[in-house]
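> I'll drop the sequence and a predicted model, then ask my questions.
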Amino acid sequence: MFPLALLNPSAPATLALLHFDGANGSSDFVDSSSYNNTFTGTSVLSTANPKFGSASLRSEVYTGTGAICARSDGFFELDDSDFTAETWFLAEESTWAKNLFVATDDGITILPYDAFIVDGKINARVQMEAGSVLHVLEHQTTLTLNVYHHFAMVRSGNTLKCYLDGIESSTSINIGSGILKTGITRLIVGRGAYGIQGFVDEFRLIKEAVYLADFTPPTAPFTY
């Protein structure tokens, strides 16, 4: 199924925009995109350590489910379009696979696009529809724990790149012109099968290649 913005060129390109602001302990995750998607989950907002605004998403390994949007209509399928998925996060540990965000199915057996931390490095991953080929791109910089980092993964044409704190990955991957894996029923921010221990503040998924070279990370909450 083709995303709405491909069927309707005038449709907004931003599919999800989460600021994670609100009352301490709340699980009301507001999507500020024009689509106003419903995100639910058992992880909660915390006012203890936001990057911007009043709160951030507290993500704890094995105890939370993150902010989950369940849609089975193909809305979050990106097909062959350019896209940027970006977030701010603070990791308290970084030893092995910790999801920042993941698009997947109910059984977490397909991974069209996600980002995860392993052995102190952050990785961007996409899965292609043809042959279910997985492409994994690791950023060269070792994370600093207990401080906020900005991360973005970007598809521009056939190329997948990622950026940590505005610095482009030293390598990129030619993923070809094919579409990403279909069958997405959930977009999860802050917690997947294995999640980040720490905080997530701000998440944006947009069908545009926002960053094409090194940049200064945003100094305010994401906009459209």
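That came in fine, so what should we check first?
> which residues does Leu90 contact?
If a contact means CB atoms under 8 Å, 6 or more residues apart in numbering, then Leu90 has Asn49, Lys51, Ser56, Asn146, Val147, Tyr148, His149, Gly198, Phe199, Val200, Asp201 as its contacts. C-beta coordinates here come from the backbone N, C-alpha and C atoms, glycine included.
> Let me have the residues you listed in JSON lines, extended by neighbour count, pLDDT and secondary structure.
Below are these laid out as JSON lines (neighbours: other CB atoms under 10 Å; pLDDT from 0 to 100; DSSP: H, G, I helix; E, B strand; the rest coil):
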{"residue": "Asn49", "neighbour count": "14", "pLDDT": "94", "secondary structure": "coil"}
{"residue": "Lys51", "neighbour count": "20", "pLDDT": "97", "secondary structure": "coil"}
{"residue": "Ser56", "neighbour count": "27", "pLDDT": "96", "secondary structure": "strand"}
{"residue": "Asn146", "neighbour count": "12", "pLDDT": "96", "secondary structure": "coil"}
{"residue": "Val147", "neighbour count": "9", "pLDDT": "97", "secondary structure": "coil"}
{"residue": "Tyr148", "neighbour count": "21", "pLDDT": "98", "secondary structure": "strand"}
{"residue": "His149", "neighbour count": "21", "pLDDT": "98", "secondary structure": "strand"}
{"residue": "Gly198", "neighbour count": "25", "pLDDT": "90", "secondary structure": "strand"}
{"residue": "Phe199", "neighbour count": "24", "pLDDT": "93", "secondary structure": "strand"}
{"residue": "Val200", "neighbour count": "28", "pLDDT": "94", "secondary structure": "strand"}
{"residue": "Asp201", "neighbour count": "25", "pLDDT": "96", "secondary structure": "strand"}
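> from those residues, which is closest to Phe101?
Val200 (8.0 Å; CB to CB).
> Next one: the closest one relative to His149, how far apart?
11 Å (CB to CB, to the nearest Å).
> who touches both of the two?
Residues within reach of Val200 and of His149 at once, by CB under 8 Å, 6+ apart, are Trp88, Phe89, Leu90.
> Which of the three states applies to the first one?
Spelled out, that is Trp88. Of the three states, Trp88 takes strand under DSSP: H, G, I helix; E, B strand; the rest coil.
> Distance of it relative to Cys69?
Taking CB to CB, one finds Trp88 at 19 Å from Cys69.
> repeat for the last one
Noted for Leu90: a distance of 22 Å to Cys69, by CB to CB.
> Pipe the contacts of Leu90 into JSON lines and attach distance to Ser34 per row.
Formatted as JSON lines, the contacts of Leu90 follow (distance: CB to CB, whole Å):
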{"residue": "Asn49", "distance to Ser34": "29"}
{"residue": "Lys51", "distance to Ser34": "23"}
{"residue": "Ser56", "distance to Ser34": "23"}
{"residue": "Asn146", "distance to Ser34": "35"}
{"residue": "Val147", "distance to Ser34": "32"}
{"residue": "Tyr148", "distance to Ser34": "27"}
{"residue": "His149", "distance to Ser34": "28"}
{"residue": "Gly198", "distance to Ser34": "29"}
{"residue": "Phe199", "distance to Ser34": "26"}
{"residue": "Val200", "distance to Ser34": "22"}
{"residue": "Asp201", "distance to Ser34": "21"}
